[in-house]
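Asker: For reference, the sequence and a predicted model appear below.
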Amino acid sequence: MTLALDAPRIVETRPLLEVHGVSKSYKSIRAVRNVSAHAYQGEVLGIVGESGSGKSTLLRMMNLEEIPETGSYTLDLPDVSGNLFELDRFARRMLCATKIGIVYQNPHLGLLMKHSSSGNVAERLLVAGERSFATLRQAATEALDASEFPLDRLDAPPIELSGGMQQRVQLAKAIALEPALLLLDEPTTGLDVSVQALVLDTLKRLQQDRQITMVIVSHDLGVIRTLADRVMVMRRGEVVETGLADQIFQDPQHPYTQQLVHAKL
Amino acid sequence: MSLSTLTKPWEAMSYGFLDGSAKRELRRKMLKSVAVPGCQMPYASREVPMARGWGTGGLQVSLTLVNPQTRVKVIDQGADDSVNAASIRRFIARVAGTPTTMDTLEADLIQSRHRIPEEILREDQILVLQVPNPEPLRPVQPNMSIARQMHADADYGRMWLQLYEQIVRSGRVMQGASYPSLVHGRHVMTPSPIPRWDVPKLHMAKHLTILSAGREKRIFAVPPYTRVEPLVFSDVPYKVEEHGHLTCTRSGTTGFFMNEIPRDDGTSSFEVSDSEWGVKTIRARDGDGESRGETWYKNGEMPQ
């Protein structure tokens, strides 16, 4: 039996996410300087860096919460075109609701603490225009199930839940509309190590099942190492090094990256 | 020429209690709110000799709209004879010299708290509703400046979240009063704490409704022949209170919104909430002549 193999081809797809030359200042502080990044369909891009290196600002810009002074942002999706930083408020809101999901470090930013967990997930669909109760209920249950949330606590408000559970609700909310892009801002910081491992596990499984493109920001190299395919190291608002995850962790080139990798206990 | 010939003689107060500038402002804000149905217009709520929260918003609107020929009716929870209704009615009559009435059909201006009369209002009548909390988004967005932005964007997705939660918790929509409604397909308003029973009466109504919150300093309106649609899920229909089959123990009228009166043995009896409707029914029964007008609800059902 002969195995017919195709000759390897050069992949010529465009990246799903492309951020080009963005800069953002807060008064005299230049938070992000001329940063470019891209991520392909189904890829996990990790952004590492110390506190204040501009990684969270970059993520907020990807979620269109903040608009930089310069730079462009494109998503290669069927009905999305042009520089997304130039969209008006309405278009931005609709795009964020339907195409981008985000999980914040602080669940208070992403969740309505006193409404039920399933309601929090359903809100996402409501914003997108879904008006059928049965559909909402089912979609919320499915999303919470996918993020491994215990379904017997479906209607408990997040304020009564543990930190890990709150992150799962956030995650369910983010994936409820099957977004093309999932942004994670320090999703496991503040959780204890065992819960952290469980949440990372969920993320990894989701990524494998759904092939969602993810951008994950963390100062924890362990988290990045577990999830990311490609890593971008940021310092003082600039990218100092990018490369495949293994490359960065095994053979760091930039002195700051070397420091970072070696400083890991 | 002396100064006294140029000035008006001293009076204890302006006509209708409020001074000219206050009335002018209120009129302008009323026009604005009629121009943008359901949109909350801020206004400078004046002091009236009544505590905020007791209908000062409605009273200011009434005082601005009255002239000596306006027949005024005041309702509190459907009743004309409760303390609050009686004192507001007396106050308006005293400061504006208006004739008063309890008959819905005779009134030109109806100030009401929590109810819309059962008899259909006409084009020439104005209904003024007292509103305690004008912001429908408050339960889902505590930040009022963001709520205003949501109104501007018509970003009302979260309103359904409230209904969702109620269905999840209780199996049905529990919102009993101030049921959020979409006015003219654009702004969501809270129609003051009227029961669900009364919300369909606002839809394409012939009369002008002005809703005013004195404490919160907001005024909004439902102009005549304007769509008012309660927010509902596509698969959970809007339901009014199940009062269609209840009979009033005093007047014997059936098919209207009732007040439940608990009895000693644990059961309850019912009394029609619109007291004047009850009075008219009793009068008709006793052979004192028919004075009842056409009602919105017929046989306990709202015709579509």
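Answerer: Arrived safely, thanks for sending.

Asker: Could I get the contacting residues of A:Ala172?
Answerer: For A:Ala172, the contact set (CB atoms under 8 Å, 6 or more residues apart in numbering or on different chains) comprises A:117, A:121, A:140, A:143-144, A:146-147, A:149. From N, CA and C alone the C-beta is placed, and that goes for glycine too.

Asker: What are the phi and psi values at it?
Answerer: Note on A:Ala172: backbone dihedrals following degrees, to the nearest 10 are phi -60, psi -40.

Asker: again with B:Thr100
Answerer: B:Thr100 adopts backbone torsions of phi -120, psi 160, taken as degrees, to the nearest 10.

Asker: same thing with B:Arg186?
Answerer: Taking degrees, to the nearest 10, you get phi -130, psi -60 for the backbone angles of B:Arg186.

Asker: now it: how far from B:Glu229?
Answerer: Per CB to CB, to the nearest Å, B:Arg186 is found 11 Å from B:Glu229.

Asker: do the same with B:Arg27
Answerer: In this view, B:Arg27 and B:Glu229 are 28 Å apart by CB to CB.

Asker: Comparing the two, which residue is more hemmed in?
Answerer: Per other CB atoms under 10 Å in any protein chain shown, whichever of B:Arg27 and B:Glu229 has more neighbours is B:Glu229, with 16 against 13.

Asker: Just the strands from chain B, written as ranges.
Answerer: For chain B, strands defined by DSSP state E occupy the ranges B:41-42, B:72-76, B:109-113, B:126-130, B:181-183, B:187-189, B:208-213, B:218-222, B:228-230, B:258-262, B:268-272.

Asker: circling back to that earlier point, which one among the contacts of A:Ala172 gets closest to B:Tyr164?
Answerer: Of all the contacts of A:Ala172, B:Tyr164 sits closest to A:Ala140, with 8.8 Å by CB to CB.

Asker: For the closest one, which residues are in contact?
Answerer: Counted by CB under 8 Å, 6+ apart, A:Ala140 has contacts A:118-119, A:121-122, A:125, A:154, A:172, A:176.

Asker: Arrange those residues in TSV, one row each, with secondary structure and pLDDT as further columns.
Answerer: Putting the contacts of A:Ala140 into TSV (DSSP: H, G, I helix; E, B strand; the rest coil; pLDDT from 0 to 100) gives the following:
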residue	secondary structure	pLDDT
A:Ser118	helix	92
A:Gly119	helix	92
A:Val121	helix	92
A:Ala122	helix	92
A:Leu125	helix	90
A:Leu154	coil	88
A:Ala172	helix	90
A:Ala176	coil	88
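
Asker: what about the residue positioned nearest the centre of chain A, helix or strand, and which?
Answerer: In chain A, the C-alpha nearest the mean C-alpha coordinate belongs to A:Leu183, at 1.5 Å (CA atoms, centre = their mean). Taking DSSP states H and E as the definition, A:Leu183 sits inside strand A:181-185.

Asker: Okay, now the sheet partners of that strand, with direction.
Answerer: strand A:100-103 (parallel), strand A:213-218 (parallel) (DSSP bridges).

Asker: and of those, who's closest to B:Asp264?
Answerer: Each of these has some distance to B:Asp264 by CB to CB; the shortest is strand A:100-103, at 58.0 Å.

Asker: ok, and for the next helix or strand after that closest one, which residues are buried?
Answerer: Next along the chain after strand A:100-103, taking DSSP H and E as the criterion, comes helix A:107-110. For helix A:107-110, a neighbour-count test (16 or more other CB atoms under 10 Å in any protein chain shown) marks A:107, A:110 as buried.

Asker: With stretch B:173-182 instead?
Answerer: Neighbour-count burial for stretch B:173-182 flags B:173, B:175, B:178-182 (criterion: 16+ other CB under 10 Å).

Asker: coming back round to it: Throw the strands paired with strand A:181-185 into CSV and include mean pLDDT and mean neighbour count, thanks.
Answerer: Output for these, formatted as CSV (pLDDT from 0 to 100; neighbours: other CB atoms under 10 Å in any protein chain shown):
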stretch, mean pLDDT, mean neighbour count
strand A:100-103, 91, 25
strand A:213-218, 91, 25
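
Asker: among these, which is nearest B:Ser62?
Answerer: Of all the strands paired with strand A:181-185, strand A:100-103 comes closest under CB to CB, at 49.7 Å.

Asker: Who does the spatially closest residue to A:Gly71 that is not a sequence neighbour form a beta bridge with?
Answerer: Counting by CB to CB, 6 or more residues apart in numbering or on different chains, A:Gly71 lies nearest to A:Val22, which is 3.1 Å off, once chain neighbours are set aside. Legend: beta-bridge partners of A:Val22 under DSSP bridges are A:Val35.

Asker: from what I can see A:Val22 touches A:Leu58, true?
Answerer: Yes: taking contacts as CB atoms under 8 Å, A:Val22 lies within contact range of A:Leu58: 7.3 Å.

Asker: returning to that earlier point: relative to B:Val95, which of the strands of chain B is closest?
Answerer: Across these, closest to B:Val95 is strand B:72-76 (CB to CB), at 11.3 Å.

Asker: And the closest one, what's buried?
Answerer: For strand B:72-76, the neighbour count (16+ other CB under 10 Å) marks B:72-76 as buried.

Asker: Compute the number of surrounding residues for the nearest residue to A:Phe133 once chain neighbours are set aside.
Answerer: Leaving aside its sequence neighbours, A:Phe133 sits nearest to B:Phe233 (CB to CB, 6+ apart; 4.1 Å). Using other CB under 10 Å, B:Phe233 has 20 neighbouring residues.

Asker: could you list every residue that touches B:Phe233?
Answerer: Neighbours of B:Phe233 in contact, by CB under 8 Å, 6+ apart: A:131-133, A:136, B:160, B:163-164, B:167.

Asker: Buried ones only from the residues you listed, please, as a ChimeraX command.
Answerer: Provided next is the ChimeraX selection string for whichever of these are buried by 16+ other CB under 10 Å:
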select /A:131,133,136 /B:160,163,164,167
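
Asker: and of the contacts of B:Phe233, the nearest to B:Gly16?
Answerer: Nearest to B:Gly16 among the contacts of B:Phe233: B:Leu163, at 40.9 Å, using CB to CB.

Asker: residue boundaries of the helices in the chain?
Answerer: Answering for chain A, as no chain was given. Along chain A, counting by DSSP state H, helices occupy A:55-62, A:89-99, A:107-110, A:117-127, A:133-146, A:163-175, A:193-210, A:221-227, A:245-250, A:255-263.

Asker: switch to chain B, that's the one I care about
Answerer: Under DSSP H, chain B gives helices at B:3-6, B:20-35, B:56-65, B:83-96, B:144-153, B:157-170, B:199-202, B:275-285.

Asker: so what does the fifth one touch, helix or strand wise?
Answerer: Here helix B:144-153 is seen to pack against helix A:89-99 when contacts are counted using 3 or more CB pairs under 8 Å, 6 or more residues apart in numbering or on different chains; DSSP states H and E.

Asker: Report the angle between the helix it packs on and strand A:181-185.
Answerer: Helix A:89-99 and strand A:181-185 meet at an angle of 90 degrees, taking axes from the mean of the first three to the mean of the last three CA atoms, to 10 degrees as the criterion.
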